[in-house]
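S.K.: With the sequence up front, the predicted model follows.
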Amino acid sequence: MPGSLAALEKGDLKGVSADYVASICEMCSTRCPISARVVDGKNVFIGGNKEAKAFGGKVCARGGAGHSMLYDPQRIVKPLRRVGERGEGKWQEISWDEAYEMMATNLNDIKQKHGAEAVAFSSKSGSLSGHLFHLAKAFGSPNTFTHATTCPGAYVIAAKAIFGTKLKRDLGNSKYIINFGHNLYEGINMSETRGMMKAQMDKGAKLVVFEPRFSIVADKADEWYAIRPGTDVAVALAMCHVLIEDNLYDKAFVAQYVEGFDEFAKEVKAYTPEWAETISDVPAADIRRITHEYAACAPHACVDFGHRATFTTEEFEMRRALYAANILIGNIERKGGIYLGKKAPAYNKFAGEAVAPVLAKPGVKNLPKITAKRIDQVDEQFSMVWSSGGVYQSILDATLEAVPYQLRGWVMSRTNPMQTMTDRNRVVEAMLKLDFIAVCDVYISETAAYADLILPESTYLERDEEIADKSGKNPGYYVRQRVVEVIGDTKPSWQIFKEAGEAMGLGQYFPWQNMETLQLMQVNKDHQLLKQIKDLGFVTYGQPLMLREPSMVSKFAATYSNAREMDEDGTYGSALSFKTPSGKIELSSTKVEKMAPGRGVIRYRPVELKQADELYFIQGKVAVHTNAGSQNVPMLSQLMSDNAVWIHPVTAGALGIQHGDAITLTSSVGTEKGQALVTPGIRQDTVFAYMGFGSKNKELARAVGKGVHCGNLLPHKTSPVTGMNVHTTGVKLAKA
Amino acid sequence: MNNTWGDVAQYDPVTWNWIIAIYLFMAGLSAGSLLIGLGLRWWSNTDDKSESAILKAAALIAPVAICIGLACLVFDLTKPFHFWLILINYNFESVMAIGVAVLLFYIPLTFAYALMVLRDELAQWKLGFLTPIATMLLPWRKPIELVMFVLALGVGAYTGFLLSAMNAYPMLNTAVLPALFLVSGLSAGAAANTLVALLMFNSNGHEPHMKTMHGMELPVVFAEMTFIFMLFCALYFKGGAAAMALASLTTGVWAVVFWVGVVAIGFGIPLLSMLMPAHSRHTKGAMVTVACASLAGVLALRHFIIYAGQSYIS
Amino acid sequence: MSQRYVIVHDENKCIGCQACSVACRSENNVPDGVSRLQVHIQGPFGEAPNLHFKYHRMSCQQCENAPCVTVCPTGAAYIGDDGIVSIKPEKCVGCMYCVAACPYKVRFMNPETKVADKCNFCKDTRLARGEQPACVDVCPTDALVFGDTNDNNSQVAKMLLQRANYQDSTHLGTKPRVYRIPTKKGGIVS
């Protein structure tokens, strides 16, 4: 394979230091603080950074295995130019100069003929997206996208609608946690996973899980209900109904902080547990009892608002209903509830002194003014998505149907829509139609296989990057530092996009020389601060603060002599305001009503996810893989390379399917071959598969053809307001 | 739950394979043929002047079989060229180490004994240069025979102890196994002696030694069957995981090996042959057939014990 | 024996995420295809909705009465002063007697060194540097606790007194030193 590490001579890994180096993981989007050390020039031991208390100094299997990418023979270490047809798999090694030249010629050509907006830029979120989107801005295109609408976008949008901002969970202090399939024990988010386990095992918190399959989190739960897929909203609304009708809600909190309660109360009157039972298969008596138990633990209780996956088109209502169940018990800014992140400026203001340094933004002046509208900006209902990564799949509509205008180029960084977006064929079609596609990645991903140009990125273990904010209940920063010297002819993405920008004649927008100068800009040339952050890798300032938690506030006020004065009730409750039009929590919202008529008030709408003769097809995350990104990583591929499909024994029996049999799943858009995993841990009307398998490009040699490709079974459907890609559909199961 | 933990091949309880089964067979065969050869010699009190065909066969088989067996063993090591380590490092808690020590004395003695017994054949085999050594050794024949007899008992039983020392395997971890291996080694030894005596040393079925040895066959086979029966009884009465191992008699390829190989061929053919009229029973063809059946039966037994034994873990 | 090192695996806290297995492989250069440590998620057992998984740590049990040490002909397998079942690679000929004799099936032949291999609580690497074994160091949910039970004040010593626990295949008299805290379905364990 040209350009791969296999083509190079294998040498020892050159560690930057003989000791541990603090850095940041990039094996999933959680980005845990890590600490790594080269072992005998062969391996890298990656552990958690012990400075990061909330993360416990721990790391998961994905994080621990990241180093096996370093010396993976299948890794790309030279820029590659496509020489055959798109997707044919014929590549030629080229120099970086040639690569930049190719990028500049093609992109500038499109810009000249069709305007800069005809090029879309997309990236996995994180520091990578920052640099790519800066290039987009300098280039003049408004069309920048993260993977949000194919993954975690919905809970953010729903929070924006209600609170005006994103919120965090304090699961570690919860006494009662209600979980709608947020599989924290497989989709590990280190601080939350640890928090929930600590709450459960050390503090005796109760965990109730509603999920169609018996996942690890369902196993660890005190109660598990195999809810009908896509009906979480009904149960959540019924819980709100019980909280209000049985007078269990926090009236003082609602009076002080909540806007639109009456409209909401009127709406949920009809949503009785009995009604919810008919929809969700969760017994009404249990919904009632659980809600009463939950309210009894208020405010130190939490309904987890979830993370990935859009179960239905009613995602927006579902996430808002989950937030509503929190709001009603007044757990905002209370231990065990949900809270707002405390970044340095806000925290310092409360303390009345500079407890934490405030990082500067390396502002670049005179960026070109962009007049073109984003391609997803036509439909006003998505207006809250534009600043949160955009409606990713609208790239397909713009490319294939010129809606709202024709896209001609696509620059991607570490994103794999061929797996994560629904309807793979449509992604292929769109990619075949574009004039120019450049992809920056470590591997030739399924998507990169259809590119014209591949820019080989250094892995996170070979990169230095800017200081990132990791504030929780108090301010914190951390930084990615390279652990080993760069292997092959790869470059960090910030450098790739800077140099590409220079080749495109946009050099004046990249005033920093290298990462060190960029970091120094961030810390206002405070060398000592930079050294401290680098040495420790993770620094926090002050002490945890939740504005309505008396114990925390009194401790805070006692620590800082100039601290804001406490309210009469011993909290900072009066300081709690929200970035909504009313400044309050908008349980019902006129803003939303304007954006999306009929959706101002949270309401149940029936959805049809499958035909009567079909089974629900649902997916999830496994602890040893990151959705679409890790199936070819050697150590992870060895742990799990296939995603046998979960089928209930009754369903399997009716079709004569035995454990281990070859099966096919057929949906309205595709057919996939897989293997049967017959288990009682799934509903009879549902089949389940872990995401990200069944790659269809030969370049991912370890992953190709192994398992069911989920994206190839899901029809293209976008959820209102949140812009989310819907990930549940109906399939027909057959013995192959 | 999907397998998210990777390759599980290393947990396959069957660690030792057919190569070890052949080693066990060869070691048992070597010891068995020697024990029978020596036993017959003492029993019939023949003089030293002319060696019987059976003894010649035994003297030849003993070193050859043990060497083939050891070659199997050495090349089954992951570090075959470091096998000498096992000769200089001893852990006498280990049955294998004791076995090595026994073999260290046993093997040279089998060679020495072969020279003595086959001294007249040496020239014929173009090994005449060894005759002086044979002559030199002859005065020591009696003590060598005695020591060798004891060592052969040890070798025959040791292969059983090697397996029975592993207490995780209920079918192997029984007191009967060493006895069974010793007896089946005798059975194999008798059969091999017959074959070699008939085919190499031109003996016939009417030679007195041959007759005596033939007479021993029935009790040996009965002892073997008794020990196997006891082995399974022990498993049955032990219950639990041990009783589960009885499934090896009814399921899988090793059940077939047992019933066809061990029982039908190994016991059935020799026993049925006894029903034949004496004159046809003692023809060369019949004797060769019966001997081959016995050998095949013992080889099948070793395979059955190795594979089925390791398949059931407690 | 100066120390009596043990590992306690809390099956309530374990989520079967394999972080331990990966960390072990990285720290100890364990080759592909073999493992010193895996956690098998078995099941689900029971009848819906009362199902449960079992999280079973597969690794050397550090038996006090170790069959692998007894059967090893050359003394390559031995129990150190720290109570850890260890291997002298220079004495191993690769007869696989130890692999066969191990009731837990956690010994294997290392395809690179051709020597018997298994978990040794990271004795040569991390313990030597004063660190915790790799698996314990990374375990996301703190399901693993490592320590010396000869020290009455150690966390493991206290845990083993206070928490219901079991060891595997004790009927074989091996006296394993991997202790397991069984899942008590219902989440909260006293």
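M.R.: Looks like it arrived, so ask away.
S.K.: Now do the SS call for the residue of chain B found nearest chain C.
M.R.: Going by C-beta to the nearest C-beta, chain C is nearest to B:T78 of chain B, at 2.9 Å. Quick note: C-beta positions are derived from backbone N, CA and C, even for glycine. The assignment at B:T78 comes out as coil when based on DSSP: H, G, I helix; E, B strand; the rest coil.
S.K.: didn't it look like it was pressed against C:Y97?
M.R.: No - with contacts defined as C-beta atoms under 8 Å, B:T78 does not count as touching C:Y97, sitting 11.8 Å away.
S.K.: Those two - which one has more neighbours?
M.R.: Ranked by neighbour count (other C-beta atoms under 10 Å in any protein chain shown), B:T78 and C:Y97 place C:Y97 first, with 29 against 18.
S.K.: Can you tell me how far the more buried one is from A:P581?
M.R.: With distances taken as C-beta to C-beta, to the nearest Å, C:Y97 is found 77 Å from A:P581.
S.K.: Repeat that for A:P212.
M.R.: In terms of C-beta to C-beta, A:P212 sits 37 Å off from A:P581.
S.K.: all helices for the stretch 201-314 of chain B, in order.
M.R.: B:208-238, B:240-244, B:253-256, B:269-273, B:278-281, B:284-311 (DSSP state H, counting those that start in this stretch).
S.K.: One more: chain C?
M.R.: Assigned by DSSP state H, the helices in chain C fall at C:19-28, C:67-71, C:97-101, C:134-138, C:155-162.
S.K.: Then the stretch 1-150 of chain B?
M.R.: Secondary structure of the stretch 1-150 of chain B (DSSP H, counting those that start in this stretch): helices at B:18-44, B:53-76, B:85-88, B:95-117, B:119-124, B:131-137, B:141-164.
S.K.: Single out the most deeply packed of those.
M.R.: helix B:18-44 (a mean of 24; mean count of other C-beta atoms under 10 Å in any protein chain shown).
S.K.: That one near chain C at all?
M.R.: No - on the criterion C-beta under 8 Å from any C-beta of the partner chain, helix B:18-44 is out of touch with chain C, staying 8.7 Å away.
S.K.: Mind giving me the packing neighbours of that helix?
M.R.: Applying 3 or more C-beta pairs under 8 Å, 6 or more residues apart in numbering or on different chains; DSSP states H and E, we find helix B:18-44 packed against helix B:53-76, helix B:95-117, helix B:141-164, helix B:176-200, helix B:208-238, helix B:284-311.
S.K.: Now render these as a markdown table, adding distance to chain C and mean pLDDT.
M.R.: Output for the helices and strands packed on helix B:18-44, formatted as a markdown table (distance: least, C-beta to the nearest C-beta, whole Å; pLDDT from 0 to 100):
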| stretch | distance to chain C | mean pLDDT |
| --- | --- | --- |
| helix B:53-76 | 8 | 96 |
| helix B:95-117 | 4 | 96 |
| helix B:141-164 | 8 | 96 |
| helix B:176-200 | 14 | 95 |
| helix B:208-238 | 11 | 90 |
| helix B:284-311 | 7 | 95 |
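S.K.: and the closest residue to A:K137 other than its chain neighbours, what element?
M.R.: Excluding the flanking residues, the one nearest A:K137 by C-beta to C-beta, 6 or more residues apart in numbering or on different chains is A:L367, at 5.3 Å. A:L367 belongs to no helix or strand when assigned by DSSP states H and E.
S.K.: Mind checking the helices of chain C for the one nearest to chain B?
M.R.: helix C:97-101 (3.8 Å).
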